[in-house]
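A.B. asks: just coords:
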């Protein structure tokens with residue numbers, strides 16, 4: 001049985017966001033004006049209602065009223081990628097972590113490059129906060145939405161030492 005994938009696009013301060021999911025879970029959130037926009041596939045159906053909670057919570061986040069998301073997520077990746085994405089969700093709002101810190105935290109202390117690759121493959125940006133990962137030297141590093149969007153998201157969260 002193949003799941004019917006649904007999609008909608010919402011506006012945000014970082015540009016249009018494409019949300020992809022099924023009736024119950026969010027599978028993807030992509031910045032359409034970033035470096036890697038995602039094309040809507042022909043077999044996906046347009047729908048707004050299944051994304052109402054995600055849209056509301058994102059609006060609250062961008063309005064400075066929400067620091068955590070409460071949504072059912074279904075990112076698909078390798079076991080390692082999913083381990084990294086779980087670690088990303090534990091980085092508190094307004095804080096950052098380095099690739100090395102995440103690697104050590106998941107029990108792979110020499111895997112900071114692999115963490116970087118998994119971070120870059122995160123299919124649910126903002127909600128799975130890959131923007132909170134910075135270089136060991138404290139500098140902003142690559143981001144699928146572009147470094148300026150990463151900076152904007154961190155500033156929104158009150159991170160000032162950029």
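C.D. replies: Arrived safely. Note that the coordinates shown come from a computational prediction; the quantities given were computed from them, not determined experimentally.

A.B. asks: Which pLDDT does the model give the most centrally placed residue in the chain?
C.D. replies: The residue lying closest to the centre of the chain (Cα atoms, centre = their mean) is residue 125, at 1.6 Å. You'll see residue 125 listed with a pLDDT of 95.

A.B. asks: low-scoring stretches of the protein, by residue?
C.D. replies: The model of the chain has pLDDT under 70 over residues 1-2, 161-162.

A.B. asks: Pop the domain breakdown of it in here.
C.D. replies: 6-62, 79-156 (automatic domain parsing).

A.B. asks: closest one to residue 72 among the ones you listed?
C.D. replies: Smallest distance to residue 72 across the domains of the chain (Cβ to Cβ): 4.4 Å, for domain 6-62. The C-beta positions use only the backbone N, C-alpha and C, and glycine is treated the same way.

A.B. asks: Quick one: distance of that closest one to the chain centre.
C.D. replies: Relative to its parent chain, domain 6-62 has a centroid offset of 11 Å by Cα atoms, centre = their mean, to the nearest Å.

A.B. asks: related to what we said a few turns ago, verify the stated contact: the residue nearest to the centre of the chain with residue 146.
C.D. replies: No: with contact defined as Cβ atoms under 8 Å, residue 125 does not reach residue 146; the gap is 11.3 Å.

A.B. asks: Mutual contacts of those two, please.
C.D. replies: Common contacts of residue 125 and residue 146, defined by Cβ atoms under 8 Å, 6 or more residues apart in numbering, comprise residue 31.
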